[in-house]
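Novice: A structural model of the following input is requested.
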Amino acid sequence: MGSYILDFVCLGARLVIEVDGAHHLDQRAYDAARDTWLREQGFRMLRFWDSRVLTAPDEVDEAIWQALQVEGPHEHPAPHPNPPPQGGRGPEALE
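Specialist: A predicted model of the protein is given here:
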């Protein structure tokens, strides 16, 4: 999305879910700029450490479920900023 690659996104709920590994400790400034840009586009962010996803998947599922129950910042989601090309979904549609 934009110039960023997202782990998971629910466009309808304007919710981005990131699963972070240890390399994110070294890129905090990049992540902060990315999060700021996504918030400016009307997205909410959930971040989980990859170890938490593996060791406590029920807790992660519950956190995601709870976030989806809350109305996002927009009643009507804006169109996708990077729509897939005509005729299908190419890999660039995941960005």
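Novice: show the contacting residues for R52.
Specialist: E59, V60 (CB atoms under 8 Å, 6 or more residues apart in numbering). No exception for glycine: its C-beta is placed from N, CA and C like everyone else's.
Novice: 10 Å instead?
Specialist: Taking CB atoms under 10 Å, 6 or more residues apart in numbering as the contact definition, R52 lies against V19, D20, E59, V60, A63.
Novice: from R14, how far out is it?
Specialist: In this structure, R52 lies at 23 Å from R14, with CB to CB, to the nearest Å as the measure.
Novice: doesn't R39 fall inside a helix?
Specialist: Yes. Applying DSSP: H, G, I helix; E, B strand; the rest coil, one finds R39 inside a helix.
Novice: distance check, the closest residue to it other than its chain neighbours against S51.
Specialist: Once flanking residues are discounted, R39 sits nearest to M45: 7.2 Å by CB to CB, 6 or more residues apart in numbering. Plainly put, M45 is 19 Å away from S51 if you go by CB to CB.
Novice: these two: which is more packed in?
Specialist: A count of neighbours by other CB atoms under 10 Å puts M45 above the other of M45 and S51, at 15 against 12.
Novice: wait, the more buried one sits on V16?
Specialist: Yes. Shown here, M45 and V16 form a contact pair, counting by CB atoms under 10 Å, at 5.1 Å.
Novice: spit out the residues that contact these two alike.
Specialist: When CB under 10 Å, 6+ apart defines a contact, the residues bordering M45 and V16 alike are L6, R34, D35, L38, R39.
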